[in-house]
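Asker: Here's my sequence, what's the structure:
(3 chains)
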Amino acid sequence: MAVSYSPILVAILFAVGFGLVFLALAMFMGPKHETAEKLAPFECGSEPIGSPRVRFSVKFYQVAILFLVFDIETAFLYPWAVLYRKLSCTGAMYGLVCSGNVTFFGLTEMVVFLAILVVGLAYVWRKKAIGWG
Amino acid sequence: MLWQSVQPMGRVTAQLATGDQGMQWSGPQIWWWIIAVFTVGGAISTVTRRNNIAAVMSLVATFFGLAAMYAMLSAHFLAALQVLVYAGAIMTLFVFVIMVLNRDEAEPWAWSGIFTKIVGVFALVYLVTKVGYHLFGVAAAHPETPPAEFGTVAQVGEVLFTDYLFVFEAVSVLLLIAVVAAVVVARQRGGGGTDDDDASADITTTPAVGHSTGHEDHHS
Amino acid sequence: MDFDVSQLSAIGPIVALTVAGCFLLLLEAFAGGRQRAYLMPLTLAAVAVALVLEAGQWRDAQLATSAFHGLLAVDRFSILLSSVFLVGCGMTALLAPAYMKEHEFEFGEFYALLIFATAGMIILAQATDFVTIFLGIETMSIAVYVLTGSWRNSAKSAEGAMKYFMVGAFATSVLLYGIALIYGATGTTALAEIARQAPRVSQAPLFIVGFLLVIVALGFKIAAVPFHMWAPDAYEGAPTPVTAFMATTVKAAGFATLIRLVATTFSRTELAYGSSGWASILSWLAVLTMTLGNLGALRQDNVKRMLAYSSIAHAGYLLVGVVAIAVVGADARGPLIYYLVAYTFTTIGAFGVVAWIGNKNDERVMIDDWAGLASRHPAQALAMTLFMLSLGGFPPTAGFFGKFYVFRAALEKPTLIWLVVVAVLNSVISVYYYLRVVTAMYFREPGRELRPLRSNGVTAALLIAAFGVLAIGILPSWLIDAANAALFLQ
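Answerer: Model prediction:
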């Protein structure tokens, strides 16, 4: 494989390991004084009444889908940033040096892409879809 | 286009095929099986959980398995996107949808529609065996290793920003439609108003309750 | 990187529509409701600009050209189909404002979504790569899902949109799976390259499964039986102008892709014939679609739902034309395009009358509501009669010549006689439910008082539709000549 994923594997092992170790430590070493008060369900100081399955506002969904759209936009920005010099160069690249002419191709394509999405941003902003008022 | 020369899918299949014949399993093959079992297990768990949230968490596991599979296929950028966009953003959306819909966890089992379900199961089994039969007949091809930079951010980007330039720009229109769709669909039903405040209302409150006071109800 | 600026002319109409859509969206967001009256005329202006650009392309398109590394083509086929979409978009925009005002769900995004959907259709008509086909279908579909469910006070609208969306998303995933398998077999998504590799891969299971999945997915989009179950509910639930848009342009866009695929990419005989060849599959789909669409329409007392089933039946007649491409070859394409144009004018007109007749909280779509219409509103009754006759295939309307040309093309080869016989029998059956509307309007006593829409836009749309039905019906030659000249990029 061209790209090694072993660091990710190590990170996963560390993450799982840390979690398990601290759980175990808390389980075996932590002090335990269970009183009725401590075992009672608690939420923001108020008594929880009724089903926990209240219907959430559709605004959560709206914010989530807007986040998703702009998240995907970011996913396009990332490779563009990596390639920006190459896209702006008409010839071959030697390291960071361009052997041909420098053009606005790379800039223009991202400006067009972003302009259309900025229309969307302006739209949701004015429609108060990203506020909570 | 750039990807035509390499078909990494064939590579893994080819390794598996030779592995089966020689009974010599290499590291990647063992990993492949671990990831495959993990992914398919997650998918089965997704469709069999009665608890919606548990199903979504199983789906997250499936997405991570898929990301690992992409990584094995040298599709590194795709693997990163799979984790970021699917396991991150789209799963958040799934959880929100479940909370907005707020269906009961366990639906009572009923005889109604059982005939359709049986027909559906048979049709599905037929389809899976038929497609599977065809696909297993595909000969492994292109066992060569892809070039080192294959599937990296730079290479995917280069194809995306040059050969597929039109698609890249047009996707922004698609995303814009999604933005408008989210605002239009989530707008309050029942109100005839055309003012801007429409967009900030939500459907969870009864029409009599104003927008500003509506939200406190959900957080208690 | 170098960029050839001249290829921008290939996407002129798409760019014009996108800019207009963004502008309308910003206007809606920033003008705070004062601009509503201008949105429809601005939409029409955008459609007019795009049509002018299409006309400019027609002049230059003696030789079909390819742009953006083979992702898009400009050929006369794409120009004709794009013009159909644009006309459909414009007529829908004419119908919409009065309808939305009467039924109290006015929202400015309607026009932006309409324009974006049309842009998606034009991408689809020009697409010569599976990636652009997928993109076009999604751009079109997502906008139309939202339009379907945009009638805020109507539970039926939400239900229809939900069904449409679920089935549509499923169809999209089937399409994507098919594209992936074809890519696996050929290593490319470009239609021209797939056609070149077809002799090598035509027996490969991967490829056959892939292209069958693509055809199934398109079957969902054109609402061919047995992939039609979403259509009656979605068509009935959607606001009537949107129904008109869905039943004509969205269906035509699906057919545009299907025609391009079977006429170029999958045109090889070994793919067309045989037990899993698309010609035999599509001919069975055609029989099922015509027959079940008609049987469904026969049972309806609801005119809107009857028209929904009627549009399914018409997809069946169109599929006869698609099968004819396999058997007869290139000569069968012109009749199909002619049929699509005739069908678009007629169906938008018919749904336009349905949109016109209703008022708030009362769509007046039951056939009893139409009783005696001729005595109170003779002009609209006459228009509806014209559209019904055209849908039923009576001369001298456009619908007659559409059926005539398509069936004649199919009759060139004796193997398709059975299919044409089924189609003609179905057309005869369909006369019953079309004429039922006409007899209700002319020979029954008026019932409850009607309070139809008063709108110049609706009148204009009905006039354009009626003019179109008569013009291409009485003088069919110029359109069929243009359609026959509509060559593909090979």
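
Asker: burial measure for residue C:467, as a count.
Answerer: For residue C:467, the neighbour count with other C-beta atoms under 10 Å in any protein chain shown is 12. In short, each C-beta sits where N, CA and C put it, glycine included.

Asker: measure it to residue C:404 for me?
Answerer: Using C-beta to C-beta, to the nearest Å, residue C:467 is found at 20 Å from residue C:404.

Asker: Same check on residue C:284?
Answerer: As judged by C-beta to C-beta, residue C:284 and residue C:404 stand 24 Å apart.

Asker: do the same with residue C:194
Answerer: Going from residue C:194 to residue C:404 by C-beta to C-beta gives 34 Å.

Asker: Looking at these two, which one has more neighbours?
Answerer: residue C:194 (25 against 17).

Asker: what helix or strand does the more buried one sit in?
Answerer: helix C:191-201 (DSSP states H and E).

Asker: Touching that helix from outside, list them.
Answerer: C:70, C:128-130, C:182, C:185-186, C:188, C:207, C:260-261, C:264-268, C:271, C:489-490 (C-beta atoms under 8 Å, 6 or more residues apart in numbering or on different chains).

Asker: List the residues that contact the residue nearest to residue C:319 when sequence neighbours are not counted.
Answerer: In space, not counting the residues next to it along the chain, residue C:319 is nearest to residue C:286; the distance is 3.6 Å by C-beta to C-beta, 6 or more residues apart in numbering or on different chains. Listed by C-beta under 8 Å, 6+ apart, the contact set of residue C:286 reads C:224, C:316, C:317, C:319, C:320, C:322, C:323, C:419, C:423.

Asker: Residue C:12 contacts residue C:52, correct?
Answerer: No: look at residue C:12 against residue C:52 with C-beta atoms under 8 Å: they stay out of range, at 9.3 Å.

Asker: Can you pick out the residue with more neighbours from these two?
Answerer: It is residue C:12, of residue C:12 and residue C:52, that has more neighbours when counted by other C-beta under 10 Å, with 17 against 13.

Asker: Just to be sure, that one is in a strand?
Answerer: No: membership of residue C:12 in a strand is not supported by DSSP: H, G, I helix; E, B strand; the rest coil, which gives helix.

Asker: And the closest residue to it other than its chain neighbours, which helix or strand is it part of?
Answerer: Leaving out its chain neighbours, the residue that sits closest to residue C:12 by C-beta to C-beta, 6+ apart is residue C:53, at 4.1 Å. Here residue C:53, judged by DSSP H and E, is contained in helix C:36-60.

Asker: could you say what helices and strands that helix packs with?
Answerer: On a contact count with 3 or more C-beta pairs under 8 Å, 6 or more residues apart in numbering or on different chains; DSSP states H and E, helix C:36-60 meets helix C:12-30, helix C:76-102, helix C:109-126.

Asker: Please dump those into JSON lines; it should also carry mean pLDDT for every row.
Answerer: Listed next are these as JSON lines, based on pLDDT from 0 to 100:
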{"stretch": "helix C:12-30", "mean pLDDT": "94"}
{"stretch": "helix C:76-102", "mean pLDDT": "94"}
{"stretch": "helix C:109-126", "mean pLDDT": "96"}
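
Asker: just checking, which of the ones you listed sits deepest inside the structure?
Answerer: Stretch with highest mean neighbour count among the helices and strands packed on helix C:36-60: helix C:109-126 (a mean of 29; mean count of other C-beta atoms under 10 Å in any protein chain shown).

Asker: Tell me who's in contact with the closest residue to chain C within chain B.
Answerer: Residue of chain B nearest chain C, by C-beta to the nearest C-beta: residue B:134 (3.4 Å). Applying C-beta under 8 Å, 6+ apart to residue B:134 gives the contacts C:205, C:206, C:208, C:209.

Asker: wait, doesn't residue C:318 sit right on residue C:336?
Answerer: Yes: Residue C:318 is in contact with residue C:336 according to C-beta under 8 Å; the separation is 6.6 Å.

Asker: Find the residues that touch each one of these two.
Answerer: C:255, C:406.

Asker: about what we covered before: buried ones among the contacts of residue C:286?
Answerer: Buried members of these, scored by 16 or more other C-beta atoms under 10 Å in any protein chain shown, are C:224, C:316, C:317, C:319, C:320, C:322, C:323, C:419, C:423.

Asker: mind listing which of those residues are in helices?
Answerer: C:316, C:317, C:319, C:320, C:322, C:323, C:419, C:423 (DSSP state H).

Asker: Kindly reformat these as TSV containing pLDDT.
Answerer: Output for those, formatted as TSV (pLDDT from 0 to 100):
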residue	pLDDT
C:316	95
C:317	95
C:319	95
C:320	94
C:322	92
C:323	91
C:419	93
C:423	95
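
Asker: Between which two of those residues is the distance greatest?
Answerer: C:322 and C:423 (12.4 Å; C-beta to C-beta).

Asker: List the contacts of residue A:103.
Answerer: A:88, A:89, A:90, C:1, C:2, C:3.

Asker: For chain B, state which of the residues you listed is nearest.
Answerer: Nearest member of the contacts of residue A:103 to chain B, counting by C-beta to the nearest C-beta, is residue C:1, at 5.7 Å.

Asker: Say whether chain C is contacted by the strand or helix carrying residue B:98.
Answerer: Residue B:98 is part of helix B:91-101, with elements assigned from DSSP H and E. No: using C-beta under 8 Å from any C-beta of the partner chain, we find that helix B:91-101 stays clear of chain C, coming within 11.8 Å at best.
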